[in-house]
Every structure is written in structure tokens, then in C-alpha cells.
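> dropping the sequence and predicted coords here.
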Amino acid sequence: MNVPEVIPICHEPGYHTDTIGRYEGGQFYANIVATLPEDWSHDNWQAVKRWHAVLHRFDEAGVHLGSRIEFTGTTADGERQAIAAAELLLKQWLDALPGLHYQDIVIAPFEVRFEGALFGLVVEVDEDEDDEEDRVRMELYPDGLGFGPPWDGCYDT
């Protein structure tokens, strides 16, 4: 099984990878995303759907340097307000990155836990897949973006 050490992620303005790129310190992946608890029982989803501003930073080689993640509210508290607060934080964080340019990035798998939720680019292996090339994928959590061969930066949602 061939697992790449780093994968490209294409910058797509106006879509899921709108806020990715490079800055003087390396590369970044920024987003506003909601999480649900892993043990969620499908009851009272508004109270447990938690919104976050997220900024992952990487060096030029794609190695994870650190993540800034901040909870901004639940859907029950007011989804619009939670998203607006996350947008404001994200704008402040991105404005503070010197030499920021939105563009494609190339990053290595990484995992971060924040308040019990998984954030990161995680290697996943499907042993039931007949085609060996398709057994390995990478999933960006909690965004739900899936990457796989031919590892060209395109993703599935």
C-alpha cells in the first residue's frame, strides 16, 4: 500500500478550501466548521452542534506546526451568531499572518483533539476494498473532505 508522505490540497475560491495558502512562516489551512460529539445519539442536535474557527499552520515541507481552534457557539445558541463570531476570529487570525497568499498547499497527515473532537488530515485504510490503490484515503476532519489517488489535490465531500 502506497501512502504519500504529503498530499496537495487545491485552493478553490468560494468553496471548502477558500482559505488555504502560504504565508511567510509556511502554509496554512483555515476554516469555519461544526462538530458533533462522537457519541452523539441523534437527539437534540442543535444543542450539541458546536461551531469553531480553525487555523492550522504548517512549515514549507507540510509538517504541522500548530493549530488555533476556538469554539464560538452552538446552533441552539444561534447558528448565525456562532458563524459570525467564527468569521470575525478567522479574519483576525488570517490578517495577522505576514505575507499571506491564498493558493494550493501540500501537507502531511496530522491529528489534533479539541474538546474531544478530532481535527486533522487522517490516513484511513479500507481493508474491504478490492483495488489496493483505492484502499488508502485521507480524510480532513471535521470538514469531511476526502482525498485519494491520484493525490492531485481534488477532494470528495
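Received the coordinates, thanks. Numbering: from 1, shown residues only.
> what segments of this protein are strands?
Per DSSP state E, the chain carries strands over the ranges 7-9, 20-23, 26-35, 50-58, 64-74, 101-102, 105-107, 110-114, 117-125, 136-141, 145-147.
> let's have those strands in CSV, adding distance to Ile83 and mean pLDDT.
For the C-beta atoms, the positions are set from N, CA and C on the backbone; glycine is no exception. Putting the strands of the chain into CSV (distance: least, CB to CB, whole Å; pLDDT from 0 to 100) gives the following:
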stretch, distance to Ile83, mean pLDDT
strand 7-9, 22, 98
strand 20-23, 19, 98
strand 26-35, 6, 97
strand 50-58, 6, 98
strand 64-74, 8, 98
strand 101-102, 20, 98
strand 105-107, 24, 98
strand 110-114, 17, 97
strand 117-125, 17, 95
strand 136-141, 19, 94
strand 145-147, 19, 96
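> need those in TSV (columns: distance to Asp95 and mean neighbour count).
Listed next are these as TSV, based on distance: least, CB to CB, whole Å; neighbours: other CB atoms under 10 Å:
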stretch	distance to Asp95	mean neighbour count
strand 7-9	22	21
strand 20-23	11	19
strand 26-35	11	21
strand 50-58	11	22
strand 64-74	13	16
strand 101-102	13	14
strand 105-107	19	21
strand 110-114	22	14
strand 117-125	22	17
strand 136-141	24	20
strand 145-147	25	17
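> looking at these, which is closest to Glu87?
Closest to Glu87 of these is strand 26-35 (CB to CB; 6.3 Å).
> partner strands of that closest one, with direction?
strand 20-23 (antiparallel), strand 50-58 (antiparallel) (DSSP bridges).
> between these, which gets nearest to Val125?
Between Val125 and the strands paired with strand 26-35, the shortest gap by CB to CB is with strand 50-58, which sits at 22.8 Å.
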